[in-house]
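In: Sharing a sequence plus its predicted fold:
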Amino acid sequence: MTNRVLQRAYEILEGTTDDKFTKSFQVFIITLIAVNVLVVIIETEESVLDEYGYLFTPFEVFSIIVFTAEYAGRIIVCKLNPKYQNSKYARIRILFTPMMLVDLAAILPFFLPFVVTDVRFIRIIRLLRLFRLFKLARYSDPMQTLGDVFKSKAGDLAVAFFILFIVLIFASSLMYYAEHEAQPDVFSSIPASMWWGVITLTTIGYGDTYPITTAGKIIGSGVAILGIAVYAIPTGIMASAFTEELHKKRQKDKHCPHCGEEI
């Protein structure tokens, strides 16, 4: 009986079946996560907090009970997952998986204030409740696809952003030497010049920091044009990766999950 209960709990938590109760549970969790994020946002409105603040605490307690039970349940049934069936330290391994760390971050903000009394630290911890938004990745196919894309292209993206970082340092250094004497307060150092570099490379151009010398304007023009090309690299990587991942999923859907034969 116990094994059947654990198996049923595993099916519900992992969504391995398509029965009504499992789907209802997933809809309930998704809705609860969405409302939690909404509450975190509207709590910053003083007028709403003053009038309806008394409702937020009971809702937070209810959410924590649900999320903690879900977190504990996943640890209990983890050995039913084929990935951990033969693992001696399955429960320890699963604790350090990315999604379990997200689940932990979602419930920690409630418990830490009982241990830490620093008001400033508590405010920061409460902000971590926004991590509950990432719990949607368990129940959302698009977010799972996004995660798969990042995993498959992590190396390529790392190279792209490393190139971007090199370009940022080079551009900021050039602008510092071109503009430092004319604008010592604005371009006071290379790190300070990196603000201009980031804004220019992303082609946002706030206008609060800009070159006034001829050399600076020439460098700025070149960096602005270069920024378009540099940012096109990770964009192209992500676009092609999404296309590949969606193609894989379509091909997978055309085959039987049990025998592997094409449907």
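Out: Arrived safely. Residues are numbered from 1 along each chain as shown.

In: Same question for stretch 31-40: list its buried residues.
Out: Within stretch 31-40, the residues scored as buried using 16 or more other C-beta atoms under 10 Å are L32, I33, N36, V37, V39, V40. Bear in mind the C-beta positions are built from the backbone N, C-alpha and C, glycine included.

In: Likewise for stretch 134-146?
Out: F134, K135, L136, A137, R138, T145, L146.

In: Stretch 215-223 now?
Out: Buried, per 16+ other C-beta under 10 Å, within stretch 215-223: G216, I219, G220, V223.

In: now, among the buried residues of stretch 31-40, which is nearest to A192?
Out: V40 (33.6 Å; C-beta to C-beta).

In: what about the closest one, which helix or strand?
Out: Counting by DSSP states H and E, the element that carries V40 is helix 20-42.

In: Go through this protein and flag its longest helix.
Out: Ranked by residue count and defined by DSSP state H, the top helix of the chain is helix 214-253.

In: Helices of this structure, start to end?
Out: With DSSP H as the criterion, the chain has helices spanning 2-14, 20-42, 46-76, 90-95, 98-111, 119-127, 141-152, 154-179, 190-201, 214-253.

In: now the third one and helix 2-14, what's the angle there?
Out: It refers to helix 46-76. With axes from the mean of the first three to the mean of the last three C-alpha atoms, to 10 degrees defining the directions, helix 46-76 sits at 140 degrees from helix 2-14.

In: Give the rounded mean pLDDT of helix 46-76.
Out: For helix 46-76, mean pLDDT rounds to 87.

In: Check the fifth one too.
Out: In this model, helix 98-111 has an average pLDDT of 83.

In: Show me the contact partners of that helix.
Out: For helix 98-111, the surrounding residues in contact (C-beta atoms under 8 Å, 6 or more residues apart in numbering) are 60, 64, 67-68, 70-71, 74-75, 94-95, 125-129, 131-132, 134-135, 137-138.

In: Buried subset of the residues you listed, written for ChimeraX?
Out: Selection of the buried residues among the contacts of helix 98-111 in ChimeraX, burial being defined by 16+ other C-beta under 10 Å:
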select :60,64,67,70,71,74,94,95,125,126,128,129,131,132,134,135,137,138
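
In: before we move on, back to that, pick out the most distant pair among the buried residues of stretch 134-146.
Out: K135 and T145 (16.5 Å).

In: where does the stretch 151-263 of the chain have low pLDDT?
Out: 252-263 (pLDDT under 70).

In: give me every residue that touches S189.
Out: Y176.

In: Can you pull the domain assignment for this protein?
Out: According to automatic domain parsing, the chain comprises the domains 2-139, 154-253.

In: pretty sure L80 contacts Y10?
Out: Yes - if you go by C-beta atoms under 8 Å, L80 and Y10 touch, sitting 4.3 Å apart.

In: Let me have the buried residues of stretch 215-223 in CSV, extended by distance to S173.
Out: Formatted as CSV, these follow (distance: C-beta to C-beta, whole Å):
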residue, distance to S173
G216, 13
I219, 10
G220, 14
V223, 11
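
In: what's the closest of these to T2?
Out: Checking these against T2 with C-beta to C-beta, the nearest one is V223 at 65.1 Å.

In: Can you pull the phi/psi pair for G205?
Out: Phi and psi for G205, reported as degrees, to the nearest 10, are phi 60, psi 70.

In: Once you drop chain neighbours, what's closest to it?
Out: I199 (6.2 Å; C-beta to C-beta, 6 or more residues apart in numbering).

In: For the one you found, list the residues it contacts.
Out: With contact taken as C-beta under 8 Å, 6+ apart, I199 is in contact with G205, Y206, T209.

In: which residues does the second one contact?
Out: What that stands for is Y206. Going by C-beta under 8 Å, 6+ apart, the list of residues near Y206 reads I199.

In: at 10 Å what do you get?
Out: For Y206, the contacting residues are W195, W196, I199, T200, by C-beta atoms under 10 Å, 6 or more residues apart in numbering.

In: my read: the first one touches V186, true?
Out: The reference is to W195. Yes - at 9.3 Å, W195 counts as touching V186 under the criterion of C-beta atoms under 10 Å.
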